[in-house]
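Asks: Sequence and predicted structure are below.
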Amino acid sequence: MLAHYPYFIAAWVFLCGLYGIVRSRHLVHTVISLAILQTSTYILLLAIGFRKGGYAPIFADIHPGVVTVDPVVQALMLTDVVVEATVVALLLAMVVKAYEKGGTTSPDDLRYMRG
Amino acid sequence: MTERHRLLLFLAGACGLAVLYLAGIRNLPPWGQYRGPYGDVIAQLAVFQRHATDTVNAITYDYRGFDTLGEEFILFSAVTGVMLLLRPEDGQTSRAGGEKNPASFRDRAALSETVQVLASGVFGFSVLFGVYIGTHGQLTPGGGFQGGVIIAAAPMLLYIAENTEAFRRIVSHPVTEALEAAGAAAYALIGLAALACGAPFLTNVLPLGRTGDVLSSGTIALISACVGVEVAAAFLLLIWEYLREILARAGNAEA
């Protein structure tokens, strides 16, 4: 189990972000907590693709055929970063609107919202 | 729901997650002993099949090109969403007026000449660096997404140097919006061009060139450049929407 420790770091970061969302008293704090929660997926993806002694999968200066780490999970992580940036931008715009309409930035005071 | 109930619910969920997660990773190979075949297969083939030395970008813009098309439209629709949400509404006359009157963007006295000189000097360098990162993605780490964000960050230096008016002129220009749409459309059109050649959508139909050249790897370099244009314009629009929000609030506070 000790050999799996990066996976536990990913879970720990995930729970830190989730705890932040649960205990949040400010909507900007909620959004940043979500961003932290999402960074756990970077750790998980890179940990899965890592290989001890593997080179970076860039063949500009190494010979093709050299053993590298997994480039697929790195490409997935790139997608993840872009999605996180857009999600945070969109959520922060919603926070601005929530403050304008409701005059509050506390998640607890969003009771005026109706479906 | 009180704070206490919420915390109890979180703890119950965290325990559930811990059980499922432990069961899930039990059969994963230990860290550092990667054994999945896909990464190795692509790392061995990409250089020969696509003439791209950065296999991560060969995957992003070619092997997984269809997914990245979707990812780009996530970015596109998110920026559209932010612009819709933060648009000046009726009744907020001071904000609408602030937009028409450039005088309301007049900056306070500059912080220091050092900041201004440095920001102006680094501005050109940042744009050049962004173009370099964006156009060399097929060779070395980088690519359209990274280069685009660096280019978009460059005009922020103008804001730091307290030249908001110059920032506004760059960003609120109709060309910025047109470039964002054109960059996103170009990606889809490159995919359709493959169809016109009788190949499946997003097939790499361009000549691959010599491995290691800037103009190599066929559509990978081209798509990367289009993504760079779209990302740079999209982030400029994002930054501007938030900046306008701040300026409008500052203007309302003064009035």
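Replies: Thanks, I have the structure now. Numbers count the residues shown, from 1 in each chain, chains lettered A, B, ... in the order given.

Asks: for chain A, which spans come out with low pLDDT?
Replies: Counting by pLDDT under 70, the low-confidence segments of chain A come to A:1, A:112-115.

Asks: any idea how far B:A43 lies from chain A?
Replies: According to CB to the nearest CB, to the nearest Å, B:A43 and chain A sit 5 Å apart. In this view, the C-beta of every residue, glycine as well, is placed from N, C-alpha and C.

Asks: Now do the longest helix seen in chain A: which elements does it pack against?
Replies: Counting residues, the longest helix in chain A under DSSP state H turns out to be helix A:71-102. Judged by 3 or more CB pairs under 8 Å, 6 or more residues apart in numbering or on different chains; DSSP states H and E, helix A:71-102 is in contact with helix A:27-49, helix B:37-50, helix B:55-58, helix B:65-85, helix B:144-153, helix B:219-254.

Asks: Report the buried residues of the fourth one.
Replies: Spelled out, that is helix B:65-85. Buried residues in helix B:65-85, counting neighbours by 16 or more other CB atoms under 10 Å in any protein chain shown, are found at B:65, B:68-69, B:71-72, B:75-76, B:78-80, B:82, B:85.

Asks: Highest mean neighbour count out of the helices and strands packed on helix A:71-102?
Replies: Per-stretch averages of neighbours, counted by mean count of other CB atoms under 10 Å in any protein chain shown, single out helix B:55-58 among the helices and strands packed on helix A:71-102, with a mean of 30.

Asks: Alpha carbons of that one, in CSV - could you do that?
Replies: Output of helix B:55-58 as CSV, limited to C-alpha atoms (Å, rounded to 0.1, in the frame of the first residue of the first chain):
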residue,chain,number,x,y,z
THR,B,55,4.1,13.1,-28.4
VAL,B,56,1.8,14.9,-25.9
ASN,B,57,0.7,17.4,-28.5
ALA,B,58,0.6,14.7,-31.2
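
Asks: pLDDT averaged over that helix, what's the number?
Replies: For helix B:55-58, the mean pLDDT works out to 92.

Asks: Show me how far it is from its chain's centre.
Replies: Centroid separation between helix B:55-58 and its chain, computed with CA atoms, centre = their mean, to the nearest Å, is 17 Å.

Asks: dump the residue contacts of residue 40.
Replies: All of this is about chain A. If a contact means CB atoms under 8 Å, 6 or more residues apart in numbering or on different chains, then A:S40 has A:10-14, A:17 as its contacts.

Asks: try again with chain B
Replies: A:67, A:70.
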